[in-house]
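Student: Any chance you can model this:
(chains A, B, C and D)
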4 protein chains.
Amino acid sequence: MKVGMIGLGKMGFNLVRNMMRYDHEAVVYDVNAEPREKLAAEGAVPAATIEELVHKLDAPRIVWMMVPAGEIVDSVVDTLLPILSPGDIVIDGGNSHYKQSIARGEKLQEQGIHYFDVGTSGGTDGAEHGGCFMIGGNAEVFNNLEPLFRDMAVDHGYLYAGKLGSGHFLKMIHNGIEYGMMQAIAEGFEVLEKSDFDFDYEQVARVWSNGSVIRSWLMDLTQNAFAKDPKLDGIRGVMHSSGEGKWTVETALDLQASTPVIAMSLMMRYRSLDTDTFHGKVVAALRNEFGGHAVVSK
Amino acid sequence: MKVGMIGLGKMGFNLVRNMMRYDHEAVVYDVNAEPREKLAAEGAVPAATIEELVHKLDAPRIVWMMVPAGEIVDSVVDTLLPILSPGDIVIDGGNSHYKQSIARGEKLQEQGIHYFDVGTSGGTDGAEHGGCFMIGGNAEVFNNLEPLFRDMAVDHGYLYAGKLGSGHFLKMIHNGIEYGMMQAIAEGFEVLEKSDFDFDYEQVARVWSNGSVIRSWLMDLTQNAFAKDPKLDGIRGVMHSSGEGKWTVETALDLQASTPVIAMSLMMRYRSLDTDTFHGKVVAALRNEFGGHAVVSK
Amino acid sequence: MKVGMIGLGKMGFNLVRNMMRYDHEAVVYDVNAEPREKLAAEGAVPAATIEELVHKLDAPRIVWMMVPAGEIVDSVVDTLLPILSPGDIVIDGGNSHYKQSIARGEKLQEQGIHYFDVGTSGGTDGAEHGGCFMIGGNAEVFNNLEPLFRDMAVDHGYLYAGKLGSGHFLKMIHNGIEYGMMQAIAEGFEVLEKSDFDFDYEQVARVWSNGSVIRSWLMDLTQNAFAKDPKLDGIRGVMHSSGEGKWTVETALDLQASTPVIAMSLMMRYRSLDTDTFHGKVVAALRNEFGGHAVVSK
Amino acid sequence: MKVGMIGLGKMGFNLVRNMMRYDHEAVVYDVNAEPREKLAAEGAVPAATIEELVHKLDAPRIVWMMVPAGEIVDSVVDTLLPILSPGDIVIDGGNSHYKQSIARGEKLQEQGIHYFDVGTSGGTDGAEHGGCFMIGGNAEVFNNLEPLFRDMAVDHGYLYAGKLGSGHFLKMIHNGIEYGMMQAIAEGFEVLEKSDFDFDYEQVARVWSNGSVIRSWLMDLTQNAFAKDPKLDGIRGVMHSSGEGKWTVETALDLQASTPVIAMSLMMRYRSLDTDTFHGKVVAALRNEFGGHAVVSK
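Tutor: You can find the predicted model right below:
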């Protein structure tokens, strides 16, 4: 197949390499020239603009967006809308909110353009060597795309999930689960670290990665992380987040679904952004008020 | 009545003043001479040792312990055991674990000595001007003690709760609820502080203290705290704990009772003791491993 | 003062009685005739339509809406907009989302009409006998309104909180705290109920209401509830919610503020809506898969 | 090697098969004759009593206990103590509390008998075809045991973790993490189930098992579970627990380590045991008291 890839960051770049390994042709665009040229040297067709990328594709075209979620997706979609033709396919492989994907898809469908919201997992490594794709959109049109995903995914690593929005919905929930799993693993090591045993954490993660009930890719990565820095002394415990965990909790609230573990994972991330807290001051002040308990002065 | 008070810290000292206001006689002992002498100047009978205190009381004696929970209670009980007589009454007014109170009470009852586990709430101010007492022990013997508690408590502020241990059990649960209430209030102010409104927290606590659904003594104290330091700039948000919240959660686990709010209140207290966390490092390292997300270096 | 009240449900009806006690004049409207007539019998001026209500007021008019949050507020505002004059005042005393109040206020201000978002607490009883009011809007215009709130609030029970939206923001956070406090109290009784002590819950709530650290209006109400039904045998533990707790958590997420206790209070409310859960089935099935642990069949 | 196995339940039985595959000799005992005879037919040496088992081993003996945690372990240890000799080795492969393992190990070491606390993971299938072993005890003596574990574990699936107790400590934390991971996965499916998408859960688990960040053995098992019962209609969401999650939380409390996710996983398990809750009744009754909100009657 011939695919136009818009956005050649860590993910988009690797996805292009992935598809070219399976002899798909890639027309590639990014605001930065460097990744375009690098992929051109590997056999991709570079495009200096989105218009050029569209013109270098054959109808019905396949355009895959791999750009940061939010306004940039809207901007690319707005650029694409007037220059695509009915029957063309636009894929959003980023982490867009599923409600936005539904809205964008409906807008494009008014022009006869097919939209697929594709949640992509597996990290940058998976993007290149076999990823995991959760795909929402028109079922019949997906049949035409399937060979591409069959090649780019690891075995059994793609799913046509259902109607528009279902791909990004699944990816959102996937990330919510990921938050919970990561926090669970991290809390385990927190207790190990506070115990008076003297564990070798790399070895602990290694044994848990082999044959245990909690073996998982995240545990493999935990082993890798401790292999590089046995006590993680070089980093601070600041846990950023990029939105999908928050969306999962917001969605759970909307659906009145009880998700305490995912919610607490997110709360602890927010907590980690503060070195001191206002709620802590209030509690400390109250203990002082009623019991005369000493406060810790600044 | 005539009561021997052992332990003249913030609580015991004020309780003696409280009972003397109602013309009860107090024989007082503390390892430190200062509070003994201070109370002697106010009309109490000082004792230089526990033995002296016991000898200055008339059988059946009433001995009230107001000492730190744990080994000190055991030590005082061991001192009292051989010098008390059948029919005497020992009150533990501190924050002992209810299971220990049951064990101690049973031990004393073998000698015919009555034991009462009395949870005391209301802070140091309540101890002096009218406290709240939750009382476990023998129901009939309690009838003899009731006039004392009727005087020392605020109106309706004492309860004969039931068999041995029930007083400290109630106090433990009271403190568990207190943890949850304090954290709830504190989280509310956390959100106010992170919002872009510009609230006067003393005034907010004041209005919430008057006529609102959440009016409470803790809200009154919140108002007091903000009156002294409008943004609590002078203190750090380190939230210590003294055991009863932990016991509540442990008891809930033993009873398979779901107490997420009390448990989370406690967890946030523990979290506040650390300026950085190991679990945070693990999550940050994992995000870097699978997604190349930047970590915050030390 | 002369005030038009739109919405004569439990809250609005009682607020009218409250203001009339202080010799304020009330023009009253509700879609139902009954409360209008009832209040007319007590001295209020009934209006059969919102238009009539507006015409019976003198400029600058004060119109107080006490209607369910959401579309009904928009509908009343849309009705009021063309028939009010510059300088008139509209009060939203209901539980509107603060962002909607800001939007509505800005819309009315374009026409020179002043908007106040007033969070009202204290329940139906407070509405009649002295409530708690958190007030956002124009500071200067508020000076004209202040005598009304001074009368209708309990002592110190009103606060000019700041710019548009601040009143409903405070009320939202108030309710979030309320969720946490209620759940904390409820968890305490959950542990009491699962213990092997035999407590009289009405008496427990009574003693905790008098002199303890956790004394509060909610504890008074707990006592009342147990007075009516000692074990609450007559009701099911289904905990509905009406939006403000959810908004508090959503706002906390937006501000990256950690509010585990308020979030868990909400999660447990949602959990209570289900008699069985899908997540429970998944965990039970997993335990069976890896350990052969028995599942509970339907 | 020659190993005596006491306890031939699901785990012990399969461990014997595992070791015999690698030409280790097994002397086997269980209170039930059936598994003894079954294993005898596969080449194991059956013993009718623990004494007989000990006598059929050669000094220094290796005795592996695979019996339910708690009093049964103590009973077996008490039986073994007088009939073992200095230099013999006792392995506790069950889920004992690490503090009990330390106490038992110290008691046996007084007699010169070596004790190893071995946490075993991987389920019944892992026990037979390659498990995961976390091993605490004397480092030098472990060298003699290592060939046995190297055979019975999957590659890299065993770890000498450190001093006495460290093996069961690691296993305890492993299970705590397991609770958190399972609840995280389950909450994800809870949201899917409450959404208005129409997902095929077996397929969702399948795609998440292949190439995604959350791929894990637990996700494989999730796929298996949905393969058998697509909506888990046949089972109730009652989540039992067998102690190690509780111990993890209790240990975290003792160490003042914040573990909200593991704690909430446990709380939700307890919550699932109740079809109605007392805390829910309290909250519902309070909502009725202050706001007149309807309760759900029995």
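Student: how close does A:Pro82 sit to D:Glu178?
Tutor: The gap separating A:Pro82 from D:Glu178 is 53 Å, by CB to CB, to the nearest Å. In this view, the C-beta of every residue, glycine as well, is placed from N, C-alpha and C.
Student: neighbour count winner among those two?
Tutor: For A:Pro82 versus D:Glu178, neighbours defined as other CB atoms under 10 Å in any protein chain shown are more numerous around D:Glu178 (26 against 8).
Student: Is the host helix or strand of the more buried one in proximity to chain B?
Tutor: In the assignment (DSSP states H and E), D:Glu178 maps to helix D:166-194. No. Helix D:166-194 lies apart from chain B when judged by CB under 8 Å from any CB of the partner chain; the minimum separation is 11.1 Å.
Student: Repeat that for stretch A:200-209.
Tutor: No. Contact between stretch A:200-209 and chain B is absent, the nearest approach being 8.8 Å (criterion: CB under 8 Å from any CB).
Student: And for that stretch, what's in contact with it?
Tutor: Residues from elsewhere that reach stretch A:200-209, judged by CB atoms under 8 Å, 6 or more residues apart in numbering or on different chains: A:189, A:192, A:214-216, A:219-220, A:222-223, A:226-227, A:230-231, D:121, D:132-134, D:156-159, D:161, D:170, D:174, D:177.
Student: separation between the residue nearest to A:Pro60 when sequence neighbours are not counted and B:Tyr22?
Tutor: What sits nearest to A:Pro60 in space, not counting adjacent residues and going by CB to CB, 6 or more residues apart in numbering or on different chains, is A:Gly87, at 4.1 Å. Taken as CB to CB, the spacing of A:Gly87 relative to B:Tyr22 amounts to 93 Å.
Student: And the pLDDT for the residue in the stretch 1-150 of chain A positioned nearest to chain B?
Tutor: For the stretch 1-150 of chain A, the residue closest to chain B is A:Gly123, as judged by CB to the nearest CB, at 3.9 Å. Turning to A:Gly123, the model gives it a pLDDT of 89.
Student: Grab the nearest non-local neighbour of A:Lys231.
Tutor: Sequence neighbours aside, A:Tyr201 is the residue nearest to A:Lys231 in space, at 7.2 Å (criterion: CB to CB, 6+ apart).
Student: Could you give the number of residues near that neighbour?
Tutor: Using other CB under 10 Å, the number of residues around A:Tyr201 comes to 21.
Student: In PyMOL, how would I select the buried members of the contacts of stretch A:200-209?
Tutor: Here is the PyMOL selection string for the buried members of those, based on 16 or more other CB atoms under 10 Å in any protein chain shown:
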select buried, (chain A and resi 189+192+214+215+216+219+220+222+223+226) or (chain D and resi 121+132+133+134+157+158+159+161+170+174+177)
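Student: Inside strands: which ones of the contacts of stretch A:200-209?
Tutor: D:121, D:132-134, D:156-159, D:161 (DSSP state E).
Student: which phi and psi does the closest residue to the residue of the stretch 1-150 of chain A closest to chain B other than its chain neighbours have?
Tutor: Excluding its sequence neighbours, the residue lying closest to A:Gly123 (CB to CB, 6+ apart) is B:Phe290, at 3.9 Å. According to degrees, to the nearest 10, the main-chain angles of B:Phe290 amount to phi -90, psi -30.
Student: tell me the pLDDT at B:Phe290?
Tutor: In this model, B:Phe290 is scored at 90, pLDDT.
Student: which ones are touching it?
Tutor: By CB under 8 Å, 6+ apart, the contact set of B:Phe290 is A:123-125, A:217-218, A:221, D:213.
Student: okay, these in TSV with neighbour count and distance to A:Ile102 next?
Tutor: As requested, these are arranged in TSV below (neighbours: other CB atoms under 10 Å in any protein chain shown; distance: CB to CB, whole Å):
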residue	neighbour count	distance to A:Ile102
A:Gly123	22	26
A:Thr124	17	27
A:Asp125	16	30
A:Trp217	21	30
A:Leu218	25	30
A:Leu221	22	32
D:Val213	25	24
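Student: May I ask which helix or strand encompasses A:Phe149?
Tutor: Going by DSSP H and E, A:Phe149 is in helix A:139-152.
Student: average model confidence for that helix?
Tutor: Across helix A:139-152, the average pLDDT comes to 97.
Student: helices and strands of chain A: which one bottoms out on pLDDT?
Tutor: With mean pLDDT, DSSP states H and E as the measure, the helix or strand of chain A carrying the lowest mean pLDDT is helix A:123-129 (a mean of 92).
Student: Can you tell me the closest non-neighbouring residue to A:Cys132?
Tutor: With sequence-adjacent residues excluded and distances taken as CB to CB, 6+ apart, A:Cys132 is closest to D:Gly211, at 3.5 Å.
Student: how long is stretch A:267-282 from one end to the other?
Tutor: Looking at stretch A:267-282, the gap from its leading to its trailing residue is 18 Å under the measure CA to CA, to the nearest Å.
Student: do it and chain D meet?
Tutor: Yes. Stretch A:267-282 lies within reach of chain D by CB under 8 Å from any CB, at A:267-268.
Student: ok now that stretch, how far from the chain's centre?
Tutor: 26 Å (CA atoms, centre = their mean, to the nearest Å).
Student: And for stretch A:25-45?
Tutor: Centroid displacement of stretch A:25-45 relative to its chain, using CA atoms, centre = their mean, is 22 Å.
Student: where are the low-confidence patches of the stretch 51-200 of chain A?
Tutor: Flagging of the stretch 51-200 of chain A using pLDDT under 70 yields an empty set of residue ranges.
Student: try it again with 90
Tutor: Low-confidence segments of the stretch 51-200 of chain A, defined by pLDDT under 90, span residues A:68-70, A:123-124.
Student: Report the separation between A:Met66 and chain D.
Tutor: Computed as CB to the nearest CB, to the nearest Å, the A:Met66 to chain D distance reads 17 Å.
Student: That residue: neighbour count?
Tutor: Burial measure for A:Met66: 24 neighbouring residues, criterion other CB under 10 Å.
Student: Name the residues of the stretch 101-250 of chain A found near chain C, please.
Tutor: Where the stretch 101-250 of chain A comes near chain C, counting by CB under 8 Å from any CB, the residues are A:213, A:246, A:249-250.
Student: Tell me which of the residues you listed fall in helices.
Tutor: A:246, A:249-250 (DSSP state H).
Student: Now do the helix or strand following the helix holding D:Glu178: distance to the chain's middle.
Tutor: Towards the C-terminus, the helix or strand next in line after helix D:166-194, according to DSSP H and E, is helix D:201-208. Centroid separation between helix D:201-208 and its chain, computed with CA atoms, centre = their mean, is 26 Å.
Student: Equivalent analysis for stretch A:287-298, please.
Tutor: With CA atoms, centre = their mean as the basis, the distance from the averaged C-alpha position of stretch A:287-298 to the chain average is 44 Å.
Student: CA-only coordinates of it, as PDB, when you get a sec.
Tutor: Coordinates of the C-alpha atoms in stretch A:287-298 are reproduced here as PDB (Å, rounded to 0.1, in the frame of the first residue of the first chain):
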ATOM      1  CA  ARG A 287      -3.800  19.100  64.800                       C
ATOM      2  CA  ASN A 288      -2.100  22.000  66.500                       C
ATOM      3  CA  GLU A 289      -5.400  23.700  67.200                       C
ATOM      4  CA  PHE A 290      -7.100  20.900  69.000                       C
ATOM      5  CA  GLY A 291      -4.300  18.900  70.500                       C
ATOM      6  CA  GLY A 292      -1.400  21.300  70.700                       C
ATOM      7  CA  HIS A 293       0.600  18.900  68.400                       C
ATOM      8  CA  ALA A 294       3.800  20.600  67.200                       C
ATOM      9  CA  VAL A 295       3.900  21.700  63.600                       C
ATOM     10  CA  VAL A 296       6.900  21.600  61.400                       C
ATOM     11  CA  SER A 297       8.000  25.200  60.800                       C
ATOM     12  CA  LYS A 298       9.300  26.400  57.500                       C
END
